[in-house]
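Colleague: this is a predicted model, with the sequence first.
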Amino acid sequence: MPDPRVTAPPVHRREQLARAWTRSATSASYVPRSVDDLERVLLELVDEVMTSLAADEFTSAAGTRIGERLVAEGFIDPSALAASISVLSRELLGDLDSTPDNELARRTVTLLGAMSAGFADGLREYTLTQQEQVKQALFNAVLRAEHNLRGTENRFREVFATSATGIVITDLGGMCIEVNPALAAILSTEAERLPGRMLTDIFRDDGAGDVMAAYRRILDGEQARVHEHRRLRKEDGEIAWVLLAISLLRDGAGDPAYFVTMVQDVTELHLLQDRLGHQLLYDALTGLPNRQCFHTKLESTLERAEPRATITLCCLNLDAFSLVNNSFGHAVGDRLLQAVGRRLEQAVSDENALVARIAGDEFAVLIEDSATTPDLGDLIGVLAAELADPEYIDDTGVAVGASVGAVRRRAGDGDATELFRAADTALRKARATGRRQWAEFHADDDRAAGELDRLAASLPAAWEVGELAVDFTPVVRLADREPVGARAVLSWVAADHATCVRLAERTGWSVHLGPMLLLEACKRFAGSPGVLRVQLTRNQSADADLVRAVRRAIEESGLTADRLELSLDVGALLDDVGDARDNLEVLGDIGVHVGLCGVTGGPLDFDLVSATGVRSVTLSGALGAGSEVLAEETARTVRMFGSLGATCSVLDVRTLEAADWWSSIGVATAQGGVFSGG
């Protein structure tokens, strides 16, 4: 069963990826096989890649098999591996900027790393096989020397001289007797200069210990042959990475006579693996550590630091960066990101700090605090000041600000994941405050926010199982306290109606909730007297499918349109969000009473009522008789709406005295509150 955490790779047509792989690999190296044959082989490998990435239990074994298979199918040039990794990385991870998928990225990185290792193992076995064949030819040549010395010598010389693998024959003490041209080329010297020199001089490796140790193990019978990697210093001072295959030749009596060492230059493969490792851990655009690398370094920093030493982590999100890409193009945006990375590094150059690019327009700064590290406010001021000046790109000054979330805590007070989560939580708090703001993580605030987050995430499931349901609160005419209808509200033991609406609006689920609430409320109220009132949120008011949902609710419930009153959010109408204006007009045309909710009585509210002919407004709970000034202005607001032909209603009147006051200033109805016992 596929892992549900993993998003399907962006290339859904396996043949397309196989063809791209074939073109890339064959352009990088020559394989003496037909294109159709190669495409068939790579198509099988594509299937294995896709199956491994989508597996329930992911392992890197498939990557190892794929790397070994490439060598077995004739892709023995390291350039073919580089081309394969490039095309697979591009095609499998191409959509991560727009659709982040950390699990797919982790699996792909692991699979490609294993593929590189498998390729190396396969190439080593391929090389060793060739070396063994050469060694056997040498040995057979010695055995046949007594019968056909001249012919054997010629064949040996041909193999020895033309082999692409370096070969050196030494005596048992390690002195060079003969070398072939290939080894001289690997060591950047002339073949004539090597005979008579010791292996310890030829195979110089300052950091790998005694070169002759492997030869002694063979001579002592501990091992029949030795295969090992070595880093050699060539005659010109450059470094070469080689694979040594050491074996012993015996004379006609079976006694040890010579050592034969085969030398395969794997420098290009080693450098390719290094480059791949760098690309997987560092951002290609800015050169900064990426999220995976930064998280690893954060873990090591916490493990290394004294438990009471403090660590500061700042997460930065560039404000309105999309405006730069949209206005000046992505090339300018890329150069601006590079400038931001440089500036952040400059801002903390006096600290023991690490800067990383962890997402498209997100950066992180890790500081191991010292006695001179500023407090958080000053530190973030330094970062903001460094980003404040425009960056001049092609004579255009471009600048962005950043929202910052910061956390400072002792190294022993949590792991890297928890520290990252705390900084990200603070960043979300800063972004909710506004542009170019910063916030510090506070555990108490986080617990409260976490509880609200859990409630928000639980809303759909609560509705599905019936824990979140539709209830009604009475709508009462204040003049005589007679009920004239009901208002649909959400009932949930975990939160009140207002909290449920706020959380649903924050997650966007309110758009899905609206039609379901409307249908359920209409069905349950159809047999009751009066008018059903439903107040819509900002997102619900602007929903393009609102009219369709209302028509369905009326048709399926049997409730007539004139008994349904929908109150649209006044802010959505004033800001002309989505289809709010169209919804107001069309709902009136189909006979539904349309009102406004969230009204505060400003000039724009009055103008909207006058222009649209709305005849019902529900006043904001912020109005009332809390002070003399507020009471006078509220009364004036009610009179003004009355002069425009609109009746006013008020929510949640909690006392009879308050009900009398609202009635005295001309408010027609009240919803809930003291009349519902709440």
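Modeller: It's in.

Colleague: may I have the phi/psi pair for A356?
Modeller: phi -140, psi 150 (degrees, to the nearest 10).

Colleague: same check on E482?
Modeller: The phi/psi pair for E482 (degrees, to the nearest 10) is phi -90, psi 140.

Colleague: roughly how far does it sit from L656?
Modeller: 15 Å (C-beta to C-beta, to the nearest Å). Every C-beta, even on glycine, is put in place using the N, C-alpha and C of the backbone.

Colleague: same check, this time on R431
Modeller: With C-beta to C-beta as the criterion, R431 and L656 are 44 Å apart.

Colleague: kindly report the same for L128.
Modeller: Distance from L128 to L656, by C-beta to C-beta: 96 Å.

Colleague: next one: T396
Modeller: In terms of C-beta to C-beta, T396 sits 66 Å off from L656.

Colleague: can you check G412 too?
Modeller: Taken as C-beta to C-beta, the span from G412 to L656 is 59 Å.

Colleague: and E39, by the same measure?
Modeller: Distance from E39 to L656, by C-beta to C-beta: 84 Å.

Colleague: who's more crowded, these two?
Modeller: The neighbour comparison of E39 against L656 (other C-beta atoms under 10 Å) goes to E39, with 17 against 11.

Colleague: so where's the stretch 351-500 of the chain shaky on pLDDT?
Modeller: 444-446, 448 (pLDDT under 70).

Colleague: same check on the chain?
Modeller: Applying pLDDT under 70 to the chain flags residues 1-13, 94-101, 138, 141-159, 205-209, 270-280, 444-446, 448, 677-678.

Colleague: longest helix in the chain, please.
Modeller: Selection of the longest helix in the chain by residue count, based on DSSP state H, yields helix 102-144.

Colleague: now that helix: how far from the chain's centre is it?
Modeller: Here helix 102-144 is found 34 Å from its chain centre; the criterion is C-alpha atoms, centre = their mean, to the nearest Å.

Colleague: just checking, what packs against it?
Modeller: helix 35-53, helix 61-72, helix 78-93, helix 149-162, strand 239-250, strand 256-265, helix 267-281, helix 291-304 (3 or more C-beta pairs under 8 Å, 6 or more residues apart in numbering; DSSP states H and E).

Colleague: quick one: contacts of the third one?
Modeller: Think helix 78-93. Helix 78-93 has contacts (C-beta atoms under 8 Å, 6 or more residues apart in numbering) with 9-11, 17, 20-21, 24-25, 27-29, 31, 49, 53, 67, 70, 75, 104-105, 108, 112, 115-116, 119, 123, 268-269, 272, 276, 279.

Colleague: quickly note the distance from R343 to C597.
Modeller: For R343 relative to C597 (C-beta to C-beta), the value is 46 Å.

Colleague: so these two - more neighbours on which side?
Modeller: Of the pair R343 and C597, C597 is the one with more neighbours under other C-beta under 10 Å, namely 23 against 17.

Colleague: ok but that one is inside a helix, no?
Modeller: No. C597 is assigned strand when assessed by DSSP: H, G, I helix; E, B strand; the rest coil, not a helix.

Colleague: neighbours of the residue nearest to it when sequence neighbours are not counted, how many?
Modeller: Excluding the flanking residues, the one nearest C597 by C-beta to C-beta, 6 or more residues apart in numbering is S567, at 3.8 Å. Using other C-beta under 10 Å, S567 has 23 neighbouring residues.

Colleague: also G118?
Modeller: Going by other C-beta under 10 Å, the residues that sit close to G118 add up to 23.

Colleague: A504 now?
Modeller: Residues near A504, counting by other C-beta under 10 Å: 25.

Colleague: and for the closest residue to it other than its chain neighbours, the neighbour number?
Modeller: Nearest residue to A504, sequence neighbours excluded (C-beta to C-beta, 6+ apart): S510, at 4.0 Å. Close neighbours of S510, defined as other C-beta under 10 Å, add up to 22.

Colleague: can you start the count at 100 instead of 1 from here on
Modeller: Sure thing, new numbering starts at 100, so read that last one as S609.

Colleague: residues contacting S609?
Modeller: If you count contacts by C-beta under 8 Å, 6+ apart, then S609 has 600, 603, 636, 638-639 around it.

Colleague: biggest separation within the residues you listed, which pair?
Modeller: Using C-beta to C-beta, the contacts of S609 span at most 10.4 Å, a distance reached by V600 and N638.

Colleague: so how many other residues sit close to V749?
Modeller: 27.

Colleague: correct me, but it touches S762?
Modeller: No. At 9.9 Å, V749 does not count as touching S762 under the criterion of C-beta atoms under 8 Å.

Colleague: check contacts around the residue nearest to C696.
Modeller: 632-635, 693-696, 715, 717.

Colleague: do the same with S656
Modeller: 618, 621-622, 624-625.

Colleague: which of those sits closest to E291?
Modeller: Nearest to E291 among the contacts of S656, with distances taken as C-beta to C-beta, is L618, at 93.8 Å.

Colleague: what's across from the residue nearest to R527 when sequence neighbours are not counted in the sheet?
Modeller: Excluding the flanking residues, the one nearest R527 by C-beta to C-beta, 6+ apart is G504, at 7.0 Å. As for beta bridges, G504 partners with C414, A538 under DSSP bridges.

Colleague: what of the one 4 residues further on?
Modeller: Under the criterion DSSP bridges, R508 forms beta bridges with I410.

Colleague: quick check: it touching A408?
Modeller: No. The pair R508 / A408 is not scored as a contact, 10.3 Å apart, by C-beta under 8 Å.

Colleague: any idea how many residues pack against E619?
Modeller: Neighbours around E619, by other C-beta under 10 Å: 16.

Colleague: look up the closest residue to it, ignoring the ones flanking it.
Modeller: V569 (4.6 Å).

Colleague: list the contacts for L665?
Modeller: L665 touches 632-633, 635, 649, 686, 691-694, counting by C-beta under 8 Å, 6+ apart.
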